[in-house]
Structure formats: structure tokens, C-alpha cells
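In: need a 3D model of the sequence below.
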Amino acid sequence: MMEVLQEEKNYLHSRILPLYLVLVLLFGVLFIYLFNLQIAEGNENLFLSTTMKTSEVVVRAPRGLIYDRNDSLLVVNRPSFRLLVDLKELPEGKEKSVFKTLSEILGVEQEPLWRDFKNRAFTKQGKRVGLSQIVLLNDVDRDKIVSIYSRIDELPGVFVEVATTRDYVEGSSFSHLTGYVREVSYEEVNGGGYAMGDMKGATGLEGYYDDVLRGTNGRRILETNRDEIAVRELIPVEATSGKNVRISIDIKIQKRLSESLIHAMEKYGSEAGVAIIEDIWSGEIIALVSLPSFDPNKIVKGLSYSEAKELDSDPNLPLLNRAISLPQPPGSTFKTIVASSALQEDVIERETIFESKGCMDLGGGFEFCEALKRPLGKLDLMHGLSRSSNIYFCNTMLRLGIDRLNKYTDDFGLGRRTGIDLFGEQPGSVASKQLKENIQGEMWYAGDSCNTAIGQGLMEVTPLQMVGWVSAIANGGTYYKPHLATSILDENRIEEEKIKPEVLYTLSIEENHLADVREGMHLAVNDPWGSAFVLRGLSSDPAAKTGSAEDFRKVDGVFEKQAHSWITGFFPYESPQYAFVAYLEFGGWGFHSSEVIKEFLEWYANEYMSS
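Out: Reported below is the predicted structural model:
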């Protein structure tokens, strides 16, 4: 037995001995390495450790691009230079002198440059904020960068970053659609996953799809020696590019519609206007123009204090997207909704006749009249629509009543935001007994019903809402959610997500009643006395309804009663595909805005469709 145990003991020793030898060897090598590191080369390594500098740099993720429906670029990134200040490197008390030198080099006034920096670098108590880097200027010219480098020793804390700048290819033509980016705030850096100096979507598609477009920043660790020469570079986190967005807008249609709108504005002395084209079968917005507009490239590059103040105080509100953010009385375009609702409620038929003698007495000394008090004679519904008779629709509304009308206004999307993929949309308002009592503290009268019938009084809509309800009439009763983005694309433009049409409402109005309204709108174009006669004879064969909406305008400090000009409709009549709306702010009669659509449709048929 003892012999067996001794043999096993010897066997184990023979197996463990090599392991002992390996461990001794490893510890020997480690001892020699440590001796060399700390004793033999200790002084040299100490010198390196005190002269080497490690810095962590944000690798900014490129923002995604924006394409139109035909894959033409609307928003791109281009290389640029940014001027930054590192507060850790800028000695306290030396700020003013640095900015004096900087203003000399750049050839700009010192005070605005200093004021902008001070507002971001210091608290109200005069203490520095807890940031390291602050962007002074974006998209600085190359020659100025060369000048800065030539005097960099006089500019402690100032450095140049090679970056990308958003380039809005079509400029002001698309400004309310694309929007623009801005630098993130101190609060957003702390709570939103941004780094200081990052750009964030502020308005338009840039703002709405910021999470899609902005990507994820990376990190770069850089080791430099005492001569500021890079010794080693590590990239522990790679930057991930933002995704791209394809939208439904057609560049050619957008630009041509904008030109048509400008021509009509100039002709009729209107200082603002809107024009929209929508696909009635999907809710895709093919063109959306709001004028006046602005150049987003100037905003991204950086406006001077005086330029920013001038833009903000402009009485024509170029920053306001009137298509979605400025509800106005719809005027006689609203008669399409009154007619649809009255037919569905069986209070009138298409053959119902009312006589227009120019005015009618509503009692209590209140008289309700046609435009210019012109008598239109006996009219059925088709001619009541085509000739836009106020008397016809006053009588219709007195039969229908505001309560029954309000059963249908929800279906037509009134008083609600459509949910388009843009920020800033306003819901407008729907006339009702309750709303009048809340606002004016009065009961509802017959005159209120007649005012509502012609789109006046408490009824307010946006151009986008108007084109939405006309699309529903044109397609037989389906109200699609209007939208711009159609696809999310990866960096190779491969579709990752398709944004499908979404139904918001289904009209509770029978198709034959909607067909009657469409016929009346078609007659408005083709009747010799039709209100949309300007569109007669076009090959696109549109159907339309005009409107002149009274409103008050301040002129030389005094409010005067003037009118906004509206037209809405669809084309072609037999097989509708697109709905349209045009609006001239204080543009007068409804047929004035018809000229926007006429000029556009002539171009569409003669040039666009043949190209």
C-alpha cells in the first residue's frame, strides 16, 4: 500500500514541477519589466507622463440627408470650418482682449460677438457655465481661418474645428418644409444625449425628424506630447450616421407653384400667401408653399444681432408657416361642407330652389346680402354652388341649423390638427352655440347661422385643413392624414421603413351627395357666371370653389375691412387625383387666387407632364 502511495506522490510531483517552472519564469519576466520601467527608465517615463496630454474629442455624427419624391437632394452636408472657444484654455480676465483681437481678424464688430459669447459662457451672476466648448461662428470663410491661424498665439482658448454645415439646396423655396438646425443649449446637453456644439433640428422636417436624422456621436482619444504633436489616437466609439428621409414633395412642382403664387401676390398687392397640392388618395403633400419665406442657409451660418432682430420683427412674419399655423375664415369655400351636410340631413335636394333678390331680411333690422347685393334669381343647388350665392346658403343653413352642421364638421377635420409631420400646426375653430357663448357671452341668432354658412364669423381654418376636406369630397369620403415623409432610408438609400397612408376620418355622407357637390364645383368653373370661371378651358379639367373672406387689416394705424382670397378644388374632374388650395392674404375677390392655380395647371399640362 505504501508503495502505491509513494508512486502516486512521485507522479504528481512530476506533473506539477513544469507548472512551478512556468510560474517562476513568468514572475521573473514581470520583475525584470517592472525594474526596467521604474528604475532603469523611471526618469524618462516620469518625464513622458508629465509632458504627454490626453484629450477626448467628440466625433460628430453626420446628419442624414433629405430627398424629394424623385430622389433629388433637398438638404445635404458640406465641409466647413467652425470657430470655437475652449473655456478651460481661455484665461479668466483675458476674455475681452481675446475678443478684441478676434473681431479685428474677422472684420466684425466686437460688441455683438462678445455679447453672444457672454450670453452662453456666463450665468446671470457672472460666473462661467459648466461647459468646456462654445461655438462662436459656423461656416467661417477659409481666408479668415488662415488669418486666425497666423495669430493663434494671441487667441488662447480659440480653435478651429473642421465640421459639416447643413446646406439647404433650394433655399427659401423650401424653408418652411425643411426648416433649419440650431446649436443645442446647455440644458439639452445635460439631459438630451447631446454634446456641446451639436446641431439639433429646430423647425420643419429637421425638427420633426431630428431623432431620425441626427445619428449617434462617437469618441476619439488623442495623446499629444508637449509640442502638441499627436502621438497616438484611439477611437473607442465610432460615430453612426443619421438616417435619410425621403419626402413626398416634388421639387419642380414646388418651385413652379411658388412662382405662380408670387405672380398673383404682386398683381393683387398681397404680401402673403399659401398654395398646396395634395394627393387625394394618400394624403401625400406634393407641394406646400408659404410666403413670405426666409433663407435657412443664412440662419444656419449665423445671423448678426441686427439681422436676427429684423427677421423676428418683420410685420409680414416670414418665419410663420401660414399653411399650418395661421387659421383664417374660409369664406365661401365652406359652402362645400354646408352643401354636403344639408344633403345628408335631407333638408335640401340638388333640385331645391331658393330665390336671390340680392338681400334678405333676417328680422331685427338685420339684412343678409349677396356680394355687391347683386340679385342672382332662382337657383338650384348646382347653381347656388357655382355662383356662390350667399342667399342660397343662408336659406340652406336656416333649415340645417348649427347643431346638425356640427355633427359633420369633425368628419371634415375642422377644429383639429391634422397631425402633419411639421411642428406648429394650429387647430382653427368651429362655430357653435357654445363657442359664441364662451367668447361673446351671447346666444345664437339666425344671422350667426348665415354668417357660418358663408365661412365667416367664428369659423377659422388653415389652408392645410381646407385641402384635406376637399380631398375627402373628391375621393368619395376618406380623409387621409396629410404627410410629407414617405420613407426612412439608410446611408446607402436603401428603404428601411415605408410610411403608409393613414385614414383619419370617414365622412358620414353618402357618395351620391358628395358627387352632387363635386358637380357643383365643376360647374363653378364651366358656368359662364361661375365664381371659378378663370379656370375654364384648361386641359386638366379642374373643379373648384372660391371664397372671399372678410377680415380686418391695420392700415396706417386704423383697422379697415378687407378680404382674403381663397380657391380650393381638385383635378381632373372625371378621375380626381390631386386637390389644391391657394390663399392670398388680403388679396380681395376669390377669383384672384384662381390665377395662381390657372398658371400652375397650364404649366403642369404643357411642360411638366410632357417632360
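
In: can you tell me, leaving aside adjacent residues, what's nearest to Leu207?
Out: One correction, residue 207 is Gly, not Leu. Gly201 (4.0 Å; Cβ to Cβ, 6 or more residues apart in numbering). All C-beta atoms are positioned from the backbone trio N, CA, C, and that covers glycine.

In: tell me the bridge partners for that neighbour.
Out: In this entry, Gly201 is beta-bridged to Val181, by DSSP bridges.

In: where's it relative to Pro296, distance?
Out: Gly201 sits at a distance of 11 Å from Pro296 (criterion: Cβ to Cβ, to the nearest Å).

In: between these two, which is the more surrounded one?
Out: Pro296 (27 against 23; other Cβ atoms under 10 Å).

In: which non-adjacent residue is nearest that one?
Out: Tyr180 (3.8 Å).

In: state the distance from that neighbour to Val347.
Out: Distance from Tyr180 to Val347, by Cβ to Cβ: 50 Å.

In: who's more crowded, the two?
Out: Tyr180 (22 against 17).

In: wait, that one sits on Gly171?
Out: No: contact criterion Cβ atoms under 8 Å: Tyr180 and Gly171 do not qualify, at 11.0 Å.

In: name the residues contacting each of these two.
Out: Common neighbours of Tyr180 and Gly171 are listed as Pro296 (criterion: Cβ atoms under 8 Å, 6 or more residues apart in numbering).

In: any idea how far Arg166 is from the residue sitting nearest the centre point of the chain?
Out: Nearest residue to the geometric centre of the chain (Cα atoms, centre = their mean): Gly204, 1.7 Å. According to Cβ to Cβ, Gly204 stands 11 Å off from Arg166.

In: pull up the overlap in contacts between these two.
Out: With Cβ under 8 Å, 6+ apart, Gly204 and Arg166 have common neighbours Tyr180.

In: circling back: so what's in contact with Gly201 and Pro296 at the same time?
Out: Shared contacts of Gly201 and Pro296, counting by Cβ under 8 Å, 6+ apart, come down to Gly179.

In: assumed Val300 was part of a helix.
Out: Yes: the assignment for Val300 is a helix, going by DSSP: H, G, I helix; E, B strand; the rest coil.

In: hang on, isn't it packed against Asp139?
Out: Yes: in this structure, Val300 is within contact of Asp139 by Cβ under 8 Å, at 7.2 Å.

In: which one of those two is surrounded by more residues?
Out: Val300 (22 against 19).

In: and the more buried one, what does it touch?
Out: Val300 neighbours (Cβ under 8 Å, 6+ apart): 138-139, 165-166, 168, 180-181.

In: right, and Ser356 touches Leu379 too?
Out: Yes: using Cβ under 8 Å, Ser356 is in contact with Leu379, at 6.2 Å.

In: between these two, what contacts are shared?
Out: 389, 392.

In: more neighbours: which of those two?
Out: With neighbours defined as other Cβ under 10 Å, Ser356 and Leu379 compare such that Ser356 has more, 23 against 20.

In: report the beta-bridge partners for that one.
Out: Gly377.

In: tell me how far the residue nearest to Gly207 lies from Phe423.
Out: For Gly201, the distance to Phe423 - Cβ to Cβ - is 9 Å.

In: intersection of neighbour lists for the two?
Out: Listed as contacting both Gly201 and Phe423 by Cβ under 8 Å, 6+ apart are 207-208.

In: before we move on, the earlier item: surely the residue nearest to Gly207 and Tyr194 touch.
Out: No: counting by Cβ under 8 Å, Gly201 stays clear of Tyr194, with 11.7 Å between them.

In: ranges for the helices of the stretch 101-250 of the chain?
Out: Secondary structure of the stretch 101-250 of the chain (DSSP state H, counting those that start in this stretch): helices at 110-121, 142-150, 175-178, 186-191, 204-208, 210-213.

In: how about the ones you listed, which one is nearest Thr418?
Out: helix 204-208 (13.5 Å; Cβ to Cβ).

In: what is that closest one packed up against?
Out: If you count contacts as 3 or more Cβ pairs under 8 Å, 6 or more residues apart in numbering; DSSP states H and E, helix 204-208 packs onto helix 175-178.
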